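K.L.:
need coordinates for the below:
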Amino acid sequence: MKRAILICGYKNWGKTSILRYLVNGDIYTPFRLKKNKSRPIRIGNNDRDFAIQQLSNDDPGMEKFLSDIRERWDQLEGIIDDLLAAFCPNCDNEHNDGATILRSDAFRHFDEIHLILLVQKWGSTRNLDVARIRNHFREIEKLQFHEVHSQGEDRKVEVKRILESIYR
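P.N.:
Sure thing, here's the model as predicted:
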């Protein structure tokens, strides 16, 4: 079972902080594979290897994001099954539309796509419009939603618990 786990929010929403937490601060190690090994992430009682995509589609744009995912997958297919990425769930930008990205060939490899929605912006009262996001992505069949409502260190722990529930 191949899974894409997407940590979702907008610019400065805390996506990279979550990724750093999950890989103990080193978001680059999984790119530097030596002899087909990467640094695993502990989920429950198991270690799980992930390809990591640090820059979300709101950083380099949709085409670069998709190109990076394709390149990463070409390098890692058969070695690593799962992707862990920062992702901006854009609904309005036709040049960087989240649903278009998830329907693309870069995501065809995955049996499941999980959107972990960081509902509240890190250190702010701004919130994602969860209903709008769910509606925009509703036609993507292999998609599952998870909502994170906590802040601070609790937020990181909540994301980790969601991963544990996905990999049970």
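
K.L.:
mind listing the strands for this structure?
P.N.:
Along the chain, counting by DSSP state E, strands occupy 3-8, 41-43, 46-48, 50-53, 82-87, 112-118, 143-148.

K.L.:
let me have those in a markdown table, adding mean pLDDT and mean neighbour count as columns.
P.N.:
Where you see a C-beta, it was placed from the backbone N, CA and C, and this is true even at glycine. Output for those, formatted as a markdown table (pLDDT from 0 to 100; neighbours: other C-beta atoms under 10 Å):
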| stretch | mean pLDDT | mean neighbour count |
| --- | --- | --- |
| strand 3-8 | 96 | 24 |
| strand 41-43 | 76 | 17 |
| strand 46-48 | 77 | 13 |
| strand 50-53 | 83 | 23 |
| strand 82-87 | 92 | 24 |
| strand 112-118 | 97 | 21 |
| strand 143-148 | 98 | 17 |
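
K.L.:
make JSON lines out of those strands and add distance to D74.
P.N.:
Formatted as JSON lines, these follow (distance: least, C-beta to C-beta, whole Å):
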{"stretch": "strand 3-8", "distance to D74": "16"}
{"stretch": "strand 41-43", "distance to D74": "22"}
{"stretch": "strand 46-48", "distance to D74": "21"}
{"stretch": "strand 50-53", "distance to D74": "11"}
{"stretch": "strand 82-87", "distance to D74": "13"}
{"stretch": "strand 112-118", "distance to D74": "19"}
{"stretch": "strand 143-148", "distance to D74": "23"}
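
K.L.:
of all the ones you listed, which lies closest to E164?
P.N.:
E164 sits nearest to strand 41-43 of all the strands of the chain, at 5.6 Å, using C-beta to C-beta.

K.L.:
mind giving me the packing neighbours of the closest one?
P.N.:
Secondary-structure packing of strand 41-43 (3 or more C-beta pairs under 8 Å, 6 or more residues apart in numbering; DSSP states H and E): strand 46-48, helix 152-166.

K.L.:
partner strands of it, with direction?
P.N.:
With DSSP bridges as the test, strand 41-43 is paired with strand 46-48 (antiparallel).

K.L.:
from the chain's centroid, how far away is the strand it pairs with?
P.N.:
Strand 46-48 has its C-alpha centroid displaced from the chain centroid by 17 Å (C-alpha atoms, centre = their mean, to the nearest Å).

K.L.:
now do it: everything it contacts.
P.N.:
By C-beta atoms under 8 Å, 6 or more residues apart in numbering, the residues outside strand 46-48 that reach it are P40, I41, R42, D82, Y167.
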